[in-house]
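K.L.:
got a predicted structure plus its sequence, pasted below:
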Amino acid sequence: MKHNRNILGLGIATLCLAGGVAYAAPTITGYVDGSYNYNLDADAVGNLGDAYMGQTRTFNLNDAHLSIVGSDSATAVGYDIETDFGSDAQVNEPHVVVGLFDVQQAFLTYAFGPGRAWGLKAGKYDTYEGIEVTASGSNPTISRGLLFTIAEPISHTGFEINYTQGMVDAHIGLVNGWDQITDLNSTPTLLGKVGLNWGDPLVLSISGLYGEEPITPVTRGMVTSLDLTGLTNSIKMVNLNFQANYGMQAHASALSAGKTATWYGAGVQPLIHITSMFGAGLRYEYFDDLDAYKTGAKQALNDISLVPTVWVNKYLTFRAEYRIDISNKDAFTKNGVANTAKDQQIVSGDMIATF
């Protein structure tokens, strides 16, 4: 499910390498992802609901991604360093991004105990919440959905201990919070995940976080975020992803000063393999901003996407997407005027080359 990213981890890995740990040669992989999108309201100034597709009528170098991964079997020490260059980088880490560059992940791992089932991880890594990930090509759709954009963090910086044995994959740790390289307060956020893997029939992951997060530059509130994500391959030729998410933050309601804000959402994202070369990604999501904190309005949002896909070979993929977002309030732009329409429609296409 979510695979996700730190400067701390990079520094620790550098010290270990300098200390003489005999790593095997690293595995170097990457991809280049380019796209174009168009809001069918020709007067729209942007696209709402997907932070990675904020501007309309534009070509994007979404990401030139490089991954360097290595480990040493003798010491059970490993490292993962992943960098992004392109428009996606500005969304991945808006607090620290320099130009169009981001260190998406950089962490150190250490396995220990009987069968090396226990592990430590320190650095910056992707959140465990949700279906979608930062790499667009690993998702069933080109755009990211409402839950990825509004309800979930992208990354965490911190330390965790994990346990993997048989069908169980468990993690618990302390991190700087919601997409924060450096903590904005003196209290770390508690992060946890329990995954259960039954193979092709079903994979389930329950994850969440609890900690103090900023509401405004001068106010804070305790946040609880809980996520259930699953994948089943029990339907022939279909990878069916599903998700439910719930969150709340103290003192954050935009409707009642000082009250707790709550939100929730759910979605399904099947990826259909029609042949080895042709397929289609689908997405339906529902998100309810009960206290107008996440979107600025008390509204219920729906997102529907259809994505025909061509896997030319293992190195090259072409996709097209039709997406419609629907609100029960006037939340979108119509004829160039904001908050005058209950829906928006976007068409897009992308090409991804991997190496």
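P.N.:
Thanks, I have the structure now. Numbers count the residues shown, from 1 in each chain.
K.L.:
and the residue nearest to residue 258 when sequence neighbours are not counted, what does it touch?
P.N.:
Distances taken as C-beta to C-beta, 6 or more residues apart in numbering put residue 251 closest to residue 258, at 5.5 Å, once the chain neighbours are dropped. (Glycine included, C-beta is placed from N, CA and C.) The neighbourhood of residue 251, defined by C-beta atoms under 8 Å, 6 or more residues apart in numbering, consists of 215, 219, 220, 221, 258, 259, 260.
K.L.:
any idea how far residue 245 is from residue 251?
P.N.:
21 Å (C-beta to C-beta, to the nearest Å).
K.L.:
any idea which element residue 88 lies in?
P.N.:
With elements delineated by DSSP states H and E, residue 88 resides in helix 87-92, which encompasses its position.
K.L.:
got the contact list for that helix?
P.N.:
Contacts made with helix 87-92 from outside it, assessed by C-beta under 8 Å, 6+ apart, are listed as 5, 33, 51-52, 60-63, 84, 97, 100-102, 104, 134, 136, 154-155.
K.L.:
ok, now how distant is residue 338 from residue 331?
P.N.:
Looking at residue 338 against residue 331, where the rule is C-beta to C-beta, the gap reads 9 Å.
K.L.:
the two - which one has more neighbours?
P.N.:
The neighbour count for residue 338 versus residue 331, taken as other C-beta atoms under 10 Å, is higher for residue 331 (23 against 14).
K.L.:
shouldn't the more buried one be in contact with residue 300?
P.N.:
No. Using C-beta atoms under 8 Å, residue 331 is not in contact with residue 300; the gap is 10.1 Å.
K.L.:
what packs against the helix or strand hosting residue 69?
P.N.:
Under the assignment given by DSSP H and E, the secondary-structure element containing residue 69 is strand 58-72. Helices and strands touching strand 58-72, by 3 or more C-beta pairs under 8 Å, 6 or more residues apart in numbering; DSSP states H and E, are strand 27-39, strand 77-85, helix 87-92.
K.L.:
list the buried residues for the helix or strand that the shortest one is followed by?
P.N.:
Same thing as helix 87-92. Next helix or strand after helix 87-92 toward the C-terminus (DSSP H and E): strand 101-112. For strand 101-112, burial by neighbour count (16 or more other C-beta atoms under 10 Å) applies to 102, 103, 104, 105, 106, 107, 108, 109, 110, 111.
K.L.:
between strand 101-112 and strand 58-72, how many degrees?
P.N.:
With axes from the mean of the first three to the mean of the last three C-alpha atoms, to 10 degrees as the basis, strand 101-112 and strand 58-72 are set at 20 degrees to each other.
K.L.:
alpha carbons of strand 101-112, as PDB, please.
P.N.:
Taking C-alpha atoms only, strand 101-112 is exported to PDB below (Å, rounded to 0.1, in the frame of the first residue of the first chain):
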ATOM      1  CA  PHE A 101      13.600  19.400  -6.100                       C
ATOM      2  CA  ASP A 102      12.600  17.300  -3.200                       C
ATOM      3  CA  VAL A 103      14.100  14.400  -1.200                       C
ATOM      4  CA  GLN A 104      11.000  12.200  -1.300                       C
ATOM      5  CA  GLN A 105      12.400   9.500   1.000                       C
ATOM      6  CA  ALA A 106      15.700   9.100   2.700                       C
ATOM      7  CA  PHE A 107      15.900   6.600   5.600                       C
ATOM      8  CA  LEU A 108      18.100   4.000   7.200                       C
ATOM      9  CA  THR A 109      16.900   0.500   8.300                       C
ATOM     10  CA  TYR A 110      18.300  -2.100  10.600                       C
ATOM     11  CA  ALA A 111      16.900  -5.700  11.100                       C
ATOM     12  CA  PHE A 112      17.500  -7.700  14.300                       C
END
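K.L.:
can you check the pLDDT for the closest residue to residue 297 other than its chain neighbours?
P.N.:
The shortest distance from residue 297 to any residue that is not its chain neighbour, by C-beta to C-beta, 6+ apart, is 5.4 Å, and that residue is residue 329. Model confidence at residue 329, given as pLDDT, is 96.
K.L.:
the stretch 101-250 of the chain: helices as residue ranges?
P.N.:
With DSSP state H, counting those that start in this stretch as the criterion, the stretch 101-250 of the chain has helices at 146.
K.L.:
and the strands in it?
P.N.:
Ranges of strands in the stretch 101-250 of the chain, per DSSP state E, counting those that start in this stretch, are 101-112, 118-126, 155-165, 168-175, 189-197, 203-216, 219-232, 238-249.
K.L.:
and the stretch 251-355 of the chain, by the same measure?
P.N.:
In chain order, the stretch 251-355 of the chain shows strands spanning 261-273, 278-289, 299-313, 316-327, 332-334, 337-341, 343-354, with DSSP E, counting those that start in this stretch as the criterion.
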